[in-house]
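Visitor: Can you look at this prediction? I've put the sequence above it.
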Amino acid sequence: MSRSLFRFPVSHMTTPRWSPFFASLKVEEIHRFRYRNFSDLFASLQDYFHFYNYQRPHSHVGGLTPIQAEQEYFEK
């Protein structure tokens, strides 16, 4: 049995709006790899955050990426 990453006490990070993000992060990135050290984990997380914001479509913004949705919002 392993301890879960990102287990926080009650805070803004445990609200329902963060749950889908952390679920995606764990399924799509953290649980897929074994990291040799913290630097490898950190680099992998940076790559994932870029992918998540710039390339991964999100259903709650009409299939756009968060960056595309933000750009569209500010163009209005």
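Guide: Received the coordinates, thanks. Residues are numbered from 1 along each chain as shown.
Visitor: out of all of them, which helix in the chain is the longest?
Guide: Ordering each helix of the chain by length in residues (DSSP state H) puts helix 38-54 first.
Visitor: and whichever helix or strand comes after that helix with helix 38-54, angle?
Guide: Next in sequence after helix 38-54, counting helices and strands by DSSP states H and E, comes helix 66-75. Here helix 66-75 runs at an angle of 40 degrees relative to helix 38-54 (axes from the mean of the first three to the mean of the last three C-alpha atoms, to 10 degrees).
Visitor: mind showing which ranges of this protein have poor pLDDT?
Guide: Low-confidence segments of the chain, defined by pLDDT under 70: 1-16.
Visitor: go again using 80 as the cut-off
Guide: Within the chain, the segments meeting pLDDT under 80 span 1-18.
Visitor: re the thing from before, so which elements touch the longest helix of the chain?
Guide: helix 19-28, helix 66-75 (3 or more C-beta pairs under 8 Å, 6 or more residues apart in numbering; DSSP states H and E). Glycine gets a C-beta too; all of them are placed from N, C-alpha and C.
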